[in-house]
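Colleague: dropping the sequence and predicted coords here.
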Amino acid sequence: MTAPSNTGHWLPVRCLAAAGVVVATLSSSSTASAQTPTRLLVTVMDEAGAPVAGLTRDEFTVRLDDVEFDLAGVEPAPTTVQVVAIFEGLAVTQQQLTSALSQFIESLDDESIVDMQSVDGELDAAIIEAIDDLSARAAPRPVILMLGQASEIAPSALQSSQVRGRRRATDLHGDIDRLAASLREHGILFYGVSTAQVPLTNFERLAAGAGGHFHTIAAPRDLSGTMDAIGRELGTQYVLSFSSSAPARIPAISVSRPGPTTVRAIPLPRAR
């Protein structure tokens with residue numbers, strides 16, 4: 001773990017956890033061999049919020065309106081990820097943060113990379129910067145992880161010129177739909193963790209629109225477990241491919257497994 005410099009900027013952290021790499025092999029149907037398959041990166045969670053592993057093609061159904069797609073392939077997604085973690089206003093100690101980051105790194109495979117990005121200005125601009133960074137690197141499994149939440153100055157009733165107010169948590173501002181569309185366009189998953197006691201519906205909407213999840217935890221002590229769960233989720237995802245022109249919306253995906261499941265998906269960029 002590399003600590004932040006005096007200027008507040010973090011240095012890249014390379015993950016050294018010991019695990020294997022599973023490479024996804026995509027296939028297309030012989031009847032549409034000339035057509036580039038549409039691919040979705042899919043996460044399946046059980047009722048307890050744990051990722052479901054070992055699913056096969058026969059257990060997935062992909063449907064858009066009244067049309068069911070014939071799946072050409074279902075493969076485990078590559079477990080090597082490139083993560084840009086954005087830190088802003090997370091109400092934890094340095095020790096708790098270091099422990100949680102170590103836990104997150106250990107939950108990833110040994111080729112994964114985590115970079116810490118400082119926030120200089122508005123948080124939505126920092127997310128756009130992270131999107132540009134991952135896109136420039138052509139990261140095959142790009143992820144943005146938001147640690148904390150936006151903050152603002154709350155007005156103070158005190159008349160002292162030395163006290164203008166205090167900082168308080170606030171939700172993400174900016175064009176959320178446009179941010180989500182940009183993340184989907186580049187196949188970037190978005191996750192977040194916050195200890196805020198206020199609703200963060202824009203963060204939740206952004207994560208839901210980009211195939212990830214935004215966790216609001218009750219106390220700083222829950223950070224390590226939450227980070228570990230995100231890492232395990234990133235290592236238990238699927239690539240679904242089907243021969244079709246790119247659908248205007250993400251299809252509805254269901255899984256034929258006992259018990260309730262939650263399925264999230266994000267389109268993967270077409271090969272150029």
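Modeller: Noted; the coordinates are in hand. Predicted model, so just to flag it, every value in this text is computed and none were measured. Numbering: from 1, shown residues only.

Colleague: quick one: pLDDT of Q159?
Modeller: Q159 carries a pLDDT value of 58.

Colleague: domain assignment for this structure?
Modeller: Listed by automatic domain parsing, the domain ranges of the chain are 30-77+237-267, 80-153+167-234.

Colleague: need the winner for burial among those domains.
Modeller: Of the domains of the chain, the one with the most neighbours on average (mean count of other Cβ atoms under 10 Å) is domain 80-153+167-234, at a mean of 19. C-beta coordinates here come from the backbone N, C-alpha and C atoms, glycine included.

Colleague: avg pLDDT for that domain?
Modeller: Domain 80-153+167-234 comes out at a mean pLDDT of 91.

Colleague: what about it, distance to the chain center?
Modeller: The chain centroid and the centroid of domain 80-153+167-234 are separated by 7 Å, computed with Cα atoms, centre = their mean, to the nearest Å.

Colleague: now the terminal residues of that domain, how far apart.
Modeller: 9 Å (Cα to Cα, to the nearest Å).

Colleague: all helices for the protein, in order.
Modeller: 94-106, 123-136, 176-185, 201-209, 223-234 (DSSP state H).

Colleague: could these be laid out in JSON lines, adding distance to I253?
Modeller: Below are the helices of the chain laid out as JSON lines (distance: least, Cβ to Cβ, whole Å):
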{"stretch": "helix 94-106", "distance to I253": "27"}
{"stretch": "helix 123-136", "distance to I253": "24"}
{"stretch": "helix 176-185", "distance to I253": "15"}
{"stretch": "helix 201-209", "distance to I253": "14"}
{"stretch": "helix 223-234", "distance to I253": "16"}
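
Colleague: among those, which is nearest V81?
Modeller: helix 223-234 (5.3 Å; Cβ to Cβ).

Colleague: and for the closest one, what's in contact with it?
Modeller: Residues from elsewhere that reach helix 223-234 (Cβ atoms under 8 Å, 6 or more residues apart in numbering): 43, 45, 49-51, 79, 81, 90, 92, 96-97, 99-101, 103-108, 141, 143, 145, 189, 191, 193, 195, 213, 215, 217.

Colleague: redo that, cut-off 6 Å
Modeller: Outside helix 223-234, the residues within contact range by Cβ atoms under 6 Å, 6 or more residues apart in numbering are 51, 81, 92, 96, 99-100, 103-104, 107-108, 191, 193, 215, 217.

Colleague: which one of these is nearest L268?
Modeller: For the contacts of helix 223-234, the nearest to L268 is V81 (13.4 Å; Cβ to Cβ).

Colleague: for that closest one, phi and psi?
Modeller: Dihedral angles phi and psi of V81 (degrees, to the nearest 10) take the values phi -120, psi 160.

Colleague: relative to R137, how far out is it?
Modeller: 12 Å (Cβ to Cβ, to the nearest Å).

Colleague: which residues are common contacts for those two?
Modeller: With Cβ under 6 Å, 6+ apart, V81 and R137 have no common neighbours.

Colleague: for this protein, longest strand please?
Modeller: Ranked by number of residues, the top strand in the chain under DSSP state E is strand 38-46.

Colleague: could you name the helices and strands sitting against that strand?
Modeller: strand 238-242, strand 261-267 (3 or more Cβ pairs under 6 Å, 6 or more residues apart in numbering; DSSP states H and E).
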